[in-house]
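Engineer: Using only what follows, build the 3D model:
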Amino acid sequence: MSEDANKPQSPWKLNSSRVVLLVLGGLLVVYFISALFGGLTNYQELKEATQAAKAGTEAPAEPAPAGN
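Structural biologist: Numbers count the residues shown, from 1 in each chain. The predicted model follows:
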């Protein structure tokens, strides 16, 4: 039983510290890719373009005809 305690872990076995490192590495990769593609700047430009397109397609409201 003392042999099991001294046995080294496999380099590919996941433990809690390796899972944390994998998650942080994944977040870093996502952040880096987002920064390469413009990040929040592109989102803001897309939002403004969508609002401009919606405003351009809306017809102005016509006043109701006056009745006698």
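
Engineer: residue boundaries of the helices in the protein?
Structural biologist: 2-6, 16-36, 40-57 (DSSP state H).

Engineer: average pLDDT for the shortest one?
Structural biologist: Per-residue pLDDT values across helix 2-6 average out to 65.

Engineer: again, but for stretch 13-22
Structural biologist: Averaged across stretch 13-22, the pLDDT comes to 93.

Engineer: Residues in contact with that stretch: which ones?
Structural biologist: Gln9 (CB atoms under 8 Å, 6 or more residues apart in numbering). For every residue, glycine as well, the C-beta is placed using N, CA and C.

Engineer: so how far is it from its chain's centroid?
Structural biologist: 23 Å (CA atoms, centre = their mean, to the nearest Å).

Engineer: just stretch 32-52 next, same as before
Structural biologist: So, by CA atoms, centre = their mean, the centroid of stretch 32-52 is 11 Å from its chain's centroid.

Engineer: Now it - C-alpha only, PDB.
Structural biologist: C-alpha atoms of stretch 32-52 as PDB (Å, rounded to 0.1, in the frame of the first residue of the first chain):
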ATOM      1  CA  PHE A  32      -6.700  36.600 -27.700                       C
ATOM      2  CA  ILE A  33      -8.900  35.600 -30.600                       C
ATOM      3  CA  SER A  34     -11.500  38.200 -29.700                       C
ATOM      4  CA  ALA A  35      -8.800  40.900 -29.500                       C
ATOM      5  CA  LEU A  36      -7.500  39.900 -33.000                       C
ATOM      6  CA  PHE A  37     -11.000  40.200 -34.500                       C
ATOM      7  CA  GLY A  38     -11.600  43.600 -33.000                       C
ATOM      8  CA  GLY A  39     -13.400  42.600 -29.800                       C
ATOM      9  CA  LEU A  40     -16.100  45.000 -28.600                       C
ATOM     10  CA  THR A  41     -15.400  47.500 -31.300                       C
ATOM     11  CA  ASN A  42     -16.800  45.300 -34.000                       C
ATOM     12  CA  TYR A  43     -19.800  44.600 -31.800                       C
ATOM     13  CA  GLN A  44     -20.500  48.300 -31.300                       C
ATOM     14  CA  GLU A  45     -20.200  49.000 -35.000                       C
ATOM     15  CA  LEU A  46     -22.600  46.100 -35.800                       C
ATOM     16  CA  LYS A  47     -25.100  47.400 -33.300                       C
ATOM     17  CA  GLU A  48     -24.900  50.900 -34.800                       C
ATOM     18  CA  ALA A  49     -25.300  49.600 -38.300                       C
ATOM     19  CA  THR A  50     -28.300  47.600 -37.300                       C
ATOM     20  CA  GLN A  51     -30.000  50.600 -35.700                       C
ATOM     21  CA  ALA A  52     -29.200  52.800 -38.700                       C
END
